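> quick one, what's the 3D model for this:
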Amino acid sequence: MLRGRTCWGCLLLFALIITGCRHNPMRVLMQGTMGMTGDMAMNGAMNMSGDLGMDGSITTSLKTDNRASRLARVVVREGAGNTIAIVDIDGLLLNRNMGGLGSMGENPVALFREKLTTIEADPSVRGVVLRINSPGGGVTASDIMNRDLVDFRRRRDIPIVACLMDVGAGGGYLLASTADRIIAHPTTLVGGLGVILNSYNLQETMAQFNVIARPIKAGDKIDAASPTRPLEPDEFVMLEGLANRFHQRLQEQIRGARPRLVSADSLFDGRVVAGEEALAAGLVDRLGYLDDAIAEATKLAGADADAGATVVMLRRDNDRAYTPFDVTPNVPLQSALLPLNIPGLDRSQLPTFLYCWQPETSLAAAAGG
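Residues are numbered from 1 along each chain as shown. Next up, the predicted model:
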């Protein structure tokens with residue numbers, strides 16, 4: 001009896017294939033292998049008369065992360081008022097793909113540009129909330145993202161409110177400073193307004209394993225800050241001069257965007273402060289939460305905050321994050337696979353000057369330090 005049902009099932013499947021090919025392309029997903037060995041026996045008689053014809057095409061498709069869809073609106077809160085878009089900025093900001101185990105592998109700089117471009121083309125969006133949870137990132141990556149945000153504000157005159165979550169430091173704070181309002185949680189760590197270049201001397205460590213560096217080079221300073229040899233005094237001065245130049249640019253950008261900022265130089269020594277101290281120093285405008293930031297953006301957009309705004313986020317079709325607090329997985333390979341990092345060993349990732357509050361070496365390794 002089971003064999004008879006199996007045969008009729010095979011015939012039905014075969015008929016569906018023929019019908020699908022004749023009228024519409026049919027997607028077929030096959031996993032593993034299909035093989036037939038030995039004799040094939042069927043109980044009873046099966047007769048087929050006439051010609052068997054197939055036309056059309058069979059289309060196969062393979063869905064992978066690197067062929068994800070373009071960004072699309074995902075409603076995370078229904079409302080009767082204006083539409084407010086949340087732009088989430090999470091983690092380390094580097095101008096490279098953040099590939100890792102279970103990671104979306106997005107480039108934070110490219111993703112930020114794509115989100116702004118999508119919002120710019122959507123006239124229904126009347127305000128933006130930058131939900132920032134980042135210690136910062138590369139000097140150039142942060143600068144590019146800030147420039148994109150400034151250009152977006154010029155082309156699309158809508159209010160922008162920044163909401164700082166756990167951390168809003170370095171390049172993350174630079175982005176927040178461009179907003180019309182900055183809201184921080186009482187426990188948010190704010191600041192980290194300094195510059196760092198991670199440099200390590202692993203010469204003795206390598207010698208313990210009989211590894212001796214023999215670089216062939218033209219240009220005496222071409223390997224400055226290499227972990228295979230000590231940093232010479234004049235090289236230190238050279239790199240420190242670059243860090244000071246980038247630091248000066250950071251100060252000018254933030255002071256220009258935040259004229260209410262207290263002029264104390266101590267704010268730019270790289271320290272982080274809690275929300276209340278950040279409020280007193282003028283780094284943020286008020287203390288609150290994400291809902292307060294959404295209400296503030298709704299109010300600045302000229303709508304009644306009590307009406308309740310429709311809140312949307314921008315997601316790809318393979319992104320599981322569908323709430324205002326959910327984070328798209330986007331972590332560096334080193335952090336995902338190797339919980340223990342040895343900074344400086346991976347020279348395939350060049351050292352990067354960072355606007356970044358950096359309390360742990362995993363960020364240094366992720367940045368290619």
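
> tell me who's in contact with residue 125.
By Cβ atoms under 8 Å, 6 or more residues apart in numbering, the residues touching residue 125 are 83, 84, 85, 119, 158, 312. Bear in mind the C-beta positions are built from the backbone N, C-alpha and C, glycine included.

> switch the cut-off to 7 Å
Listed by Cβ atoms under 7 Å, 6 or more residues apart in numbering, the contact set of residue 125 reads 83, 85, 119, 158.

> also residue 223?
Neighbours of residue 223 in contact, by Cβ under 7 Å, 6+ apart: 215, 217.

> could you rerun that using 8 Å?
Here residue 223 is in contact with 215, 217, 229 (Cβ under 8 Å, 6+ apart).

> phi first, then psi, for the last one.
The phi and psi values for residue 229, taken as degrees, to the nearest 10, are phi -150, psi 160.

> go on, the second one?
Dihedral angles phi and psi of residue 217 (degrees, to the nearest 10) take the values phi -140, psi 160.

> quick one: the helices in the stretch 201-350 of the chain?
203-208, 233-257, 275-281, 290-300, 333-337 (DSSP state H, counting those that start in this stretch).

> any low-confidence regions in the stretch 201-350 of the chain?
Applying pLDDT under 70 to the stretch 201-350 of the chain flags residues 263-264, 304-307, 331-350.

> try it again with 80
For the stretch 201-350 of the chain, the stretches with pLDDT under 80 are 201-203, 206-207, 227-228, 262-265, 303-308, 318, 320-322, 326-350.

> residue 161 looks like it's in a strand, true?
Yes. Per DSSP: H, G, I helix; E, B strand; the rest coil, residue 161 lies within a strand segment.

> pretty sure residue 199 contacts residue 225?
Yes. In this structure residue 199 lies within contact range of residue 225 using Cβ atoms under 8 Å: 4.5 Å.

> quick one, helices of the stretch 1-150 of the chain?
2-23, 108-120, 139-155.

> weakest of those helices by average pLDDT?
Mean pLDDT is lowest for helix 2-23 out of the helices of the stretch 1-150 of the chain, coming in at a mean of 47.

> hang on, the earlier thing: dump the contacts of residue 223 into JSON lines; add distance to residue 248 as well.
Shown next, in JSON lines, are the contacts of residue 223 (distance: Cβ to Cβ, whole Å):
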{"residue": "215", "distance to residue 248": "33"}
{"residue": "217", "distance to residue 248": "31"}
{"residue": "229", "distance to residue 248": "29"}
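
> out of the residues you listed, which is nearest to residue 90?
Proximity of those to residue 90 (Cβ to Cβ) peaks at residue 229, which lies at 36.6 Å.

> returning to that earlier point: ok, the contacts of residue 125 vs residue 303, which is closest?
Nearest member of the contacts of residue 125 to residue 303, counting by Cβ to Cβ, is residue 83, at 9.9 Å.

> which strand residues bridge that closest one?
Judged by DSSP bridges, the bridge partners of residue 83 are residue 125, residue 310.

> distance of it relative to residue 204?
59 Å (Cβ to Cβ, to the nearest Å).

> which of these two has more residues huddled nearby?
residue 83 (21 against 8; other Cβ atoms under 10 Å).

> OK, contacts around the more buried one?
Contacts of residue 83 (Cβ under 8 Å, 6+ apart): 124, 125, 126, 309, 310, 311, 312.

> low-confidence ranges, the stretch 51-200 of the chain, go.
Looking at the stretch 51-200 of the chain by pLDDT under 80, you get 51-69, 80-81, 97-105, 199-200.

> looking at it, residue 194 is touching residue 266, isn't it?
No. Assessed by Cβ under 8 Å, residue 194 is found out of contact with residue 266, at 11.4 Å.

> which of these two has more residues huddled nearby?
Using other Cβ under 10 Å, the more surrounded residue of residue 194 and residue 266 is residue 194, with 21 against 11.

> who's in contact with that one?
Contacts of residue 194 (Cβ under 8 Å, 6+ apart): 170, 247, 268, 269, 270, 355, 357.

> quick one: contacts of stretch 230-244?
By Cβ under 8 Å, 6+ apart, stretch 230-244 touches 195, 196, 197, 199, 201, 203, 221, 224, 225, 353.

> the same query, at a cut-off of 10 Å, please.
139, 194-197, 199-201, 203-204, 220-221, 223-226, 351, 353-354 (Cβ atoms under 10 Å, 6 or more residues apart in numbering).

> now the buried members of these.
Buried by 16 or more other Cβ atoms under 10 Å: 139, 194-197, 199-200, 224-226, 351, 353-354, out of those.

> among these, which are in strands?
Within those, residues falling in strands by DSSP state E are 196, 197, 353, 354.
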